[in-house]
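**Q** got a predicted model here, sequence first, then my questions.
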Amino acid sequence: PPQSIPHWEPPPPNFQKINCDASFFRHCNRAGFGCVLRDDSGRWKLGRSGNLPIWSIFRYSASVDNDLLHRIRDILHWPWTIQFRLIKREANAIADWLAKRGAMGDADLITWIEPGEYLRSLLKHDITALL
């Protein structure tokens, strides 16, 4: 089950953290993913979002397999060590928003170099919760 983490938690000093999420909208049969890379202070580094084939959202939700790991690694173009933890949506609000945006958009992949205004407010909320 998801851990009771009330807000985003930073990685250890000098590390970066990737939060990912996937969304499925049954009423319109659309699915998407969202990932955000942040530093140990919570600052935005990079975001990615996009559509997912409907069948893959169930694989994403049901289990983490090598195909998904390689896809995420390819999407982010970052060498990294992977640790997975299921957390509640409240502690993953930015990745959740990106996943929903990806599901409702038409692009297979969007790179978010800078967060938009709404994402900046979520970042500020996360960083404030750490103080």
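**A** Looks like it came in fine. Numbers count the residues shown, from 1 in each chain.
**Q** contact partners for Lys17?
**A** Lys17 sits next to Pro10, Pro11, Leu37, Arg38, Asp39, Asp40 when contact means CB atoms under 8 Å, 6 or more residues apart in numbering. Heads up, the C-betas are built off the backbone N, CA and C, glycines and all.
**Q** tell me how far the ends of stretch 12-29 are from each other?
**A** Its first and final residues considered, stretch 12-29 spans 38 Å by CA to CA, to the nearest Å.
**Q** what comes up buried for that stretch?
**A** Of the residues in stretch 12-29, those buried by neighbour count under the rule 16 or more other CB atoms under 10 Å are Lys17, Ile18, Asn19, Cys20, Asp21, Ala22, Ser23, Phe24.
**Q** tally of neighbours for the residue lying closest to Gly42 once chain neighbours are set aside?
**A** Spatially, and ignoring its direct neighbours in sequence, Gly42 is nearest to Ile127 (4.4 Å; CB to CB, 6 or more residues apart in numbering). Using other CB atoms under 10 Å, the number of residues around Ile127 comes to 16.
**Q** which element is Ile127 on?
**A** The secondary structure element spanning Ile127 is helix 117-130 (assigned by DSSP states H and E).
**Q** would you mark the buried spots in that helix?
**A** Neighbour counts over helix 117-130 (16+ other CB under 10 Å) mark Leu119, Leu122, Leu123, Asp126, Ile127 as buried.
**Q** swap in stretch 90-97?
**A** Using 16+ other CB under 10 Å as the burial criterion, the residues of stretch 90-97 that qualify are Ala91, Asn92, Ala93, Ile94, Ala95, Asp96, Trp97.
**Q** with stretch 36-45 instead?
**A** Residues of stretch 36-45 classed as buried: Val36, Leu37, Arg38, Gly42, Trp44 (neighbour count, 16+ other CB under 10 Å).
**Q** and the two most separated of the residues you listed?
**A** Distance extremes for the buried residues of stretch 36-45: the farthest pair is Leu37 and Gly42 at 11.5 Å, using CB to CB.
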